[in-house]
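In: Give me a 3D structure for the following:
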Amino acid sequence: MSLSFDPKALAELAELLNKTGLSEIELEEGDRKVRLARVLAPVTVPVAAAAPVAVSPVAAPTATPAADPAKNPGAVKSPMVGVAYLSAEPGAPPYVSVGQKVEAGATLLLIEAMKTFNQIKAPRGGVVKQILVASGTPVEFDEPLLIIE
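Out: Numbering: from 1, shown residues only. As a prediction, this is how the structure comes out:
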């Protein structure tokens, strides 16, 4: 059995993978099925922290609870479905804490998806105002993870 697919449509799907940060897309139409997946480079997580960081026991939200965090212009949203981790390993200090100043490109947290740890980096510099997820909790695509202002 020979299946033919439109190369332009496949290229558009591949571009969608890159734009959204997804690791795979699967489409089914009738008895035809296509699955595109990209191999994500494994993330190397250092075992030892580079420098000690002051850790607050529990980060309390500082924004008004009535405000929708997804609509906040400083919201950093999840690019994938997975499990969020705030530190490199259990017992290690978190990558960031509320009130901490971060530079663009700094690692904010990890999301484990399909046994791969993906670093979520700061899209811009600023101060971490709110952390909206707890370590070890599942997150959905486009879910707000934290707020940087």
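In: Now Glu12: phi and psi?
Out: phi -70, psi -40 (degrees, to the nearest 10).
In: how near is it to Leu36?
Out: Using Cβ to Cβ, to the nearest Å, Glu12 is found at 10 Å from Leu36. (Glycine included, C-beta is placed from N, CA and C.)
In: Between those two, which is the more surrounded one?
Out: Set side by side, Glu12 and Leu36 show more neighbours around Leu36, with 15 against 10, by other Cβ atoms under 10 Å.
In: Can you pull the phi/psi pair for the more buried one?
Out: Dihedral angles (degrees, to the nearest 10) for Leu36: phi -110, psi 130.
In: Would you map the helices across the chain?
Out: Per DSSP state H, the chain carries helices over the ranges 7-20.
In: all strands of it, in order?
Out: For the chain, applying DSSP state E gives strands covering 24-29, 32-37, 75-77, 82-85, 101-102, 107-113, 116-121, 126-131, 137-139, 144-148.
In: want to throw the ones you listed into TSV with mean pLDDT and distance to Asp6?
Out: Listed next are the strands of the chain as TSV, based on pLDDT from 0 to 100; distance: least, Cβ to Cβ, whole Å:
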stretch	mean pLDDT	distance to Asp6
strand 24-29	76	12
strand 32-37	75	10
strand 75-77	93	31
strand 82-85	93	31
strand 101-102	95	43
strand 107-113	93	28
strand 116-121	92	30
strand 126-131	94	43
strand 137-139	92	33
strand 144-148	93	36
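In: Out of the ones you listed, which one sits most buried?
Out: Compared across the strands of the chain, strand 144-148 shows the largest average neighbour count, a mean of 23 (mean count of other Cβ atoms under 10 Å).
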